[in-house]
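Trainee: pasting the sequence and the predicted model now:
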Amino acid sequence: MTELFIRLIRRPQGLVGVALLALIAVTCLFGPALAPYAPEKIDFLGRFRSPGWHNWLGADEFGRDILSRLMVGARSTVPMALIATLAGSAVGAIVGVGSAYLGGRIDEAIMRTNDAVMAIPGLLMALLLVSTLGNGAGNAVIAIAIAFAPGMARVTRSVALNIRNQDYVKAAIARGEGATWIIFREMLPNVMAPIVIESTIRVSFAVMLFATLSFLGVGAQPPASEWGLMVADARQYMYQAPWGLIAPSAAIALTAIAFNLLGDGLRDALNPRDER
């Protein structure tokens, strides 16, 4: 792990990604304690106050400090995106490896069903699921996880097909090991590298998708300080106080960029060609 981390930070994209994610992690962990004001503190005399000493990133339509809301809202956006990605990746990886191991008609049936689900755009799938489950951050996480699972299943299966023909898998079959044991003990651990890389990149999409659902009113609900919800609230005042729209939008973009850079850095660090 130490060697992998050193190889990661030696690459510009990896170093920048790690630095940005470290800042985001600190914000998620200590945001409420570091925030200069309470996120819901209303100051009608400071409505639409421009960025300055009192409010570093300005104030919104209720005089609430935007920086404080961003710092507290990080807990409502980033962890939710991580949970959704982890859940979707776990389900997709198990389905993909299981399909590759079983093969034959079962593999064909699973993958054709998977392809049919993948034909539905992720945002549309998430909206359909949230409209069925009901509005709320928890249901949005479930919807994003389900929307992500088919793509991860396809990626994992493509790698697991090669693993399926390895000698140690054939040896496990010859010993009479069950399908569950082979899938979880022999095959799944050996496809973790591409799963980790793909999951890291998918977090950026989960952040944007979760923010989009909140922006559309079906994700996090007021008065939460979720970034997508902040964008939705500030939209009608974008000409009067553009900083209310720019700040949360920039936070979403930087978080997505950070995870993308980390994914690219991990891909290069795990690439055997870099050893030469």
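Mentor: Yep, that arrived.
Trainee: how much space separates the residue nearest to Asn190 when sequence neighbours are not counted from Tyr101?
Mentor: Spatial nearest neighbour of Asn190, chain neighbours left out: Ile163 (5.2 Å); criterion: CB to CB, 6 or more residues apart in numbering. Any C-beta I mention is one placed from the backbone N, CA and C, and that applies to glycine too. Relative to Tyr101, Ile163 is positioned 9 Å away (criterion: CB to CB, to the nearest Å).
Trainee: need the residues touching each of the two.
Mentor: Taking CB atoms under 8 Å, 6 or more residues apart in numbering as the contact rule, the neighbours common to Ile163 and Tyr101 are Met187.
Trainee: which one's more surrounded, those two?
Mentor: Neighbours were tallied for Ile163 and for Tyr101 using other CB atoms under 10 Å; the higher tally belongs to Tyr101 (23 against 19).
Trainee: Tyr168 contacts Glu186, doesn't it?
Mentor: Yes. Contact status for Tyr168 versus Glu186: in contact at 6.1 Å, counting by CB atoms under 8 Å.
Trainee: of those two, which one has the most company?
Mentor: Each of Tyr168 and Glu186 had its neighbours counted (other CB under 10 Å), and the higher figure belongs to Glu186 (21 against 12).
Trainee: could you export stretch 14-30 as CSV, CA atoms only?
Mentor: Written as CSV, here are the backbone C-alpha positions of stretch 14-30 (Å, rounded to 0.1, in the frame of the first residue of the first chain):
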residue,chain,number,x,y,z
GLY,A,14,-2.7,11.6,-8.6
LEU,A,15,-1.0,14.2,-6.5
VAL,A,16,-3.6,16.8,-7.3
GLY,A,17,-6.4,14.3,-6.8
VAL,A,18,-5.1,13.2,-3.4
ALA,A,19,-4.6,16.9,-2.3
LEU,A,20,-8.2,17.9,-3.3
LEU,A,21,-9.7,14.8,-1.7
ALA,A,22,-7.7,15.4,1.5
LEU,A,23,-9.3,18.9,1.6
ILE,A,24,-12.7,17.5,0.9
ALA,A,25,-12.2,14.8,3.7
VAL,A,26,-11.3,17.4,6.2
THR,A,27,-14.3,19.5,5.2
CYS,A,28,-16.6,16.5,5.6
LEU,A,29,-15.1,15.5,9.0
PHE,A,30,-14.7,18.9,10.6
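Trainee: what are the buried residues along that stretch?
Mentor: By 16 or more other CB atoms under 10 Å, the buried positions in stretch 14-30 come out as Gly14, Val16, Gly17, Val18, Leu20, Leu21, Ile24, Thr27, Cys28.
Trainee: circling back to that earlier point, how much space between the residue nearest to Asn190 and Val91?
Mentor: The separation that Ile163 has from Val91, given CB to CB, amounts to 19 Å.
Trainee: any idea how far Met208 is from Ser158?
Mentor: 25 Å.
Trainee: which one of those two has more residues nearby?
Mentor: In this comparison of Met208 against Ser158, neighbours counted by other CB under 10 Å, the higher total goes to Met208 at 19 against 13.
Trainee: go ahead and confirm that one touches Ala256.
Mentor: Yes. When contacts are counted by CB under 8 Å, Met208 is listed as touching Ala256 (5.6 Å).
Trainee: other SSEs contacting the helix or strand containing Trp181?
Mentor: Per DSSP states H and E: Trp181 is located in helix 179-181. Packing contacts for helix 179-181, counted by 3 or more CB pairs under 8 Å, 6 or more residues apart in numbering; DSSP states H and E, involve helix 66-102.
Trainee: can you tell me the average pLDDT over whichever helix or strand comes after the helix it packs on?
Mentor: Per DSSP H and E, the first helix or strand lying C-terminal to helix 66-102 is helix 104-118. Along helix 104-118, the predicted local confidence has a mean pLDDT of 92.
Trainee: in PDB, could you pull the C-alpha coordinates for the helix or strand following helix 104-118?
Mentor: In the C-terminal direction, the helix or strand that comes right after helix 104-118 (DSSP H and E) is helix 122-133. Taking C-alpha atoms only, helix 122-133 is exported to PDB below (Å, rounded to 0.1, in the frame of the first residue of the first chain):
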ATOM      1  CA  GLY A 122     -28.500   6.700 -15.500                       C
ATOM      2  CA  LEU A 123     -30.400   9.900 -14.700                       C
ATOM      3  CA  LEU A 124     -33.600   8.700 -16.100                       C
ATOM      4  CA  MET A 125     -33.200   5.400 -14.200                       C
ATOM      5  CA  ALA A 126     -32.600   7.200 -11.000                       C
ATOM      6  CA  LEU A 127     -35.600   9.500 -11.500                       C
ATOM      7  CA  LEU A 128     -37.800   6.500 -12.200                       C
ATOM      8  CA  LEU A 129     -36.600   4.800  -9.000                       C
ATOM      9  CA  VAL A 130     -36.900   7.800  -6.800                       C
ATOM     10  CA  SER A 131     -40.400   8.500  -8.100                       C
ATOM     11  CA  THR A 132     -41.300   5.000  -7.100                       C
ATOM     12  CA  LEU A 133     -39.500   4.900  -3.800                       C
END
